[in-house]
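Q: Below: sequence and its predicted model.
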Amino acid sequence: MMKVNPKEFYIHDLRYVIRSAQEEDANNLSEVRLQIDGETENLDREQGEGYIDEIGFKQLIKDDTNSSNNLFLVAEVNGRIAGFSRCEGTQLKRMAHKVEFGVCVLKEFWGYGIGKNLLKESIDWADSTGIKKITLNVLETNEKAIMLYKKYGFEVEGILKKDKLLSDGKFYNTIIMGRFNE
């Protein structure tokens, strides 16, 4: 079952496809997530923390495919996964109108619009399925991401102060952003 139709992009001589995650992606996703966690401090985990193995990803993909308000997308370059995103909703009636978005991309594939296009496809899916609100968390220092989210209609809803302790020994704020589709 496909949540979104695969879409091809060609940017700066790199060709990639954004499509729904499939169970066969699980092992690749496990390795990619571990690598990405070691490449950036913009995410929640240090490398190796909260590890999800192939079986865990298989279950996640299965659950997301069967859930009407979850979406799991991957960006594929020559059979390799370069990045992925998830929208996660809940079945609770009071919050069933919203999903939380998260995205990550391998460092070697930064600058090709992969994160932006994962976001755009997720927004299109949410709008077309009647989801009213997308929320996300972003580290205050991740200015490129914040600018991108604002460009796509997200606004700052709040700040979690001294929310993350990074390798420089300093505490950083997390910015909570949301986009509401009237």
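A: Thanks, I have the structure now.
Q: Over to the most far-flung residue of the chain relative to its centre: give its phi and psi.
A: The outermost residue of the chain relative to its centre, with distances by C-alpha atoms, centre = their mean, is residue 169 at 26.4 Å. Here is the backbone geometry of residue 169 (degrees, to the nearest 10): phi 80, psi 0.
Q: Nearest residue to the middle of the chain?
A: Nearest to the chain centroid, counting by C-alpha atoms, centre = their mean: residue 103, 2.1 Å.
Q: and the gap between that one and residue 118?
A: Distance, residue 103 to residue 118, by C-beta to C-beta, to the nearest Å: 5 Å. For the C-beta atoms, the positions are set from N, CA and C on the backbone; glycine is no exception.
Q: what is in contact with the two at once?
A: The contact sets of residue 103 and residue 118 overlap at 83, 84, 85 (C-beta atoms under 8 Å, 6 or more residues apart in numbering).
Q: For the residue nearest to residue 51 when sequence neighbours are not counted, grab the count of nearby residues.
A: Leaving aside its sequence neighbours, residue 51 sits nearest to residue 34 (C-beta to C-beta, 6 or more residues apart in numbering; 6.7 Å). By the criterion of other C-beta atoms under 10 Å, residue 34 has 16 neighbours.
Q: pLDDT below threshold where in this protein?
A: Filtered on pLDDT under 70, the chain yields the residue ranges 1-2.
Q: residues in contact with the residue nearest to residue 172 when sequence neighbours are not counted?
A: Nearest residue to residue 172, sequence neighbours excluded (C-beta to C-beta, 6+ apart): residue 164, at 4.8 Å. Counting by C-beta under 8 Å, 6+ apart, residue 164 touches 44, 139, 171, 172, 173, 174.
Q: Among those, the buried ones, what's the ChimeraX command?
A: Typed into ChimeraX, the line below selects the buried ones among the contacts of residue 164, using 16 or more other C-beta atoms under 10 Å:
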select :139,172,173,174
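Q: quick one: residue 145 from residue 13, how far?
A: Note on residue 145: its distance to residue 13, by C-beta to C-beta, is 24 Å.
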